[in-house]
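Visitor: Next input, structure requested:
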Amino acid sequence: MALTAYQTQFKRRMKRAIKLRAKADQKARRYTQLLADAIGAAEDAAMQMNALNQIYNVDVSTYTLLTQALHANSGQEVLVDHLAQSTPGEELVIFNQVPDGNGGQELPSNPLFGELVTGIPIISPPQVDVLQA
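Guide: Numbers count the residues shown, from 1 in each chain. Now for the predicted structure:
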């Protein structure tokens, strides 16, 4: 059975949304790994700074304010653990047959789905406060 315009529109929109979700997941994984690596490097630097403080009897801060906050609040282990608990593409997507709604006709274009809206925009009338009169 051929798909209606409504069902085809859903399929097109869903494919785009899945692609955007996968792209966001890929970026999140890359940036999470980079952040975990940066926190690890800050911990290495802090160990060296601490050793220098002890050897030379000085008191130089071992972390910057940002790296201290990252170390204290999330830590490298937490980020690496989140990455290990999740794998790319873990959410299986199964296309179900979409009920033929809207009489089989496409819904209006919506910029949320990256569609170009054409025609005259519908603007709701201004609300008049009855108490002002």
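Visitor: Secondary structure element holding the most centrally placed residue in the chain?
Guide: Against the mean C-alpha coordinate of the chain, by CA atoms, centre = their mean, the closest residue is Ala24 at 5.2 Å. In the assignment (DSSP states H and E), Ala24 maps to helix 5-56.
Visitor: tell me the angle the helix or strand just after that helix makes with helix 5-56.
Guide: Under the assignment DSSP H and E, the closest C-terminal helix or strand after helix 5-56 is helix 65-73. On the basis of axes from the mean of the first three to the mean of the last three CA atoms, to 10 degrees, helix 65-73 is oriented at 100 degrees to helix 5-56.
Visitor: quick one: buried residues of the following helix or strand past helix 65-73?
Guide: Moving toward the C-terminus from helix 65-73, the next helix or strand (DSSP H and E) is helix 75-85. Neighbour-count burial for helix 75-85 flags Gln76, Leu79, Val80 (criterion: 16 or more other CB atoms under 10 Å). All C-beta atoms are positioned from the backbone trio N, CA, C, and that covers glycine.
Visitor: okay, now the nearest residue to the second one once chain neighbours are set aside: neighbour count?
Guide: Ranked by CB to CB, 6 or more residues apart in numbering and with sequence neighbours excluded, the top spatial neighbour of Leu79 is Ala36, at 4.1 Å. When counting by other CB atoms under 10 Å, one arrives at 21 neighbours for Ala36.
Visitor: Could you check how far Ala36 is from Pro99?
Guide: Counting by CB to CB, to the nearest Å, the gap between Ala36 and Pro99 amounts to 44 Å.
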